[in-house]
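Participant: The following comprises the amino acid sequence and a computationally predicted model.
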Amino acid sequence: MKEVIFIEKLNIGESEKESIKEFLISIFKDDAKIFKEMVAQKKVRIKGKSFTFIDDETNNKTYKIMGNCIGPVLYVYDVIDKK
C-alpha cells in the first residue's frame, strides 16, 4: 500500500488531504490496475523522472506528484484546479 505525504507548502485542509489520500491509494490497489488504465486513457501523465500528473475527475483536480510513482511513497507537490 502506498503512503501519501503532502509537501509542506500546500495550503489545504485536513478533510481535503484525506479525500486526496483515499483517491490516490485507491488507484494503486490491485497491482495499480486503475493507475495503469488511467495512463492508457491519458488521465495520468508521467513527465520523465521529475513529476507525474494524475487527474481526479470526480473532484475536478489534478495532483502533481514528485517522481514517477514507482516507490512506496507518493509525495503530493501541488493540487491544481482543472478548468
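Facilitator: Nice, I can see it.
Participant: and residue 45, bridged to which residues?
Facilitator: residue 53 (DSSP bridges).
Participant: That one contacts residue 53, correct?
Facilitator: Yes - contact between residue 45 and residue 53 holds when scored by CB atoms under 8 Å: they sit 4.6 Å apart. Bear in mind the C-beta positions are built from the backbone N, C-alpha and C, glycine included.
Participant: Is residue 31 located within a strand, as I assumed?
Facilitator: No - looking at residue 31 with DSSP: H, G, I helix; E, B strand; the rest coil, it is helix, so not inside a strand.
Participant: Show me what the single longest strand found in the chain is in contact with.
Facilitator: For the chain, the longest strand by residue count, based on DSSP state E, is strand 73-81. Outside strand 73-81, the residues that touch it by CB atoms under 8 Å, 6 or more residues apart in numbering are 2-7, 10, 12, 16, 20, 24, 51, 60-67.
Participant: switch the cut-off to 7 Å
Facilitator: 2-7, 10, 12, 20, 24, 51, 60-67 (CB atoms under 7 Å, 6 or more residues apart in numbering).
Participant: Generate a PyMOL selection restricted to the buried subset of these.
Facilitator: Filtering those down to the buried ones (16 or more other CB atoms under 10 Å) takes a single PyMOL command:
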select buried, resi 2+4+6+20+24+51+61+62+63+64+65+66+67
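Participant: Give me the subset of the contacts of strand 73-81 lying in helices.
Facilitator: Within those, residues falling in helices by DSSP state H are 20, 24.
Participant: before we move on, the earlier item: report the rounded mean pLDDT for the longest strand of the chain.
Facilitator: Averaging pLDDT along strand 73-81 gives 95.
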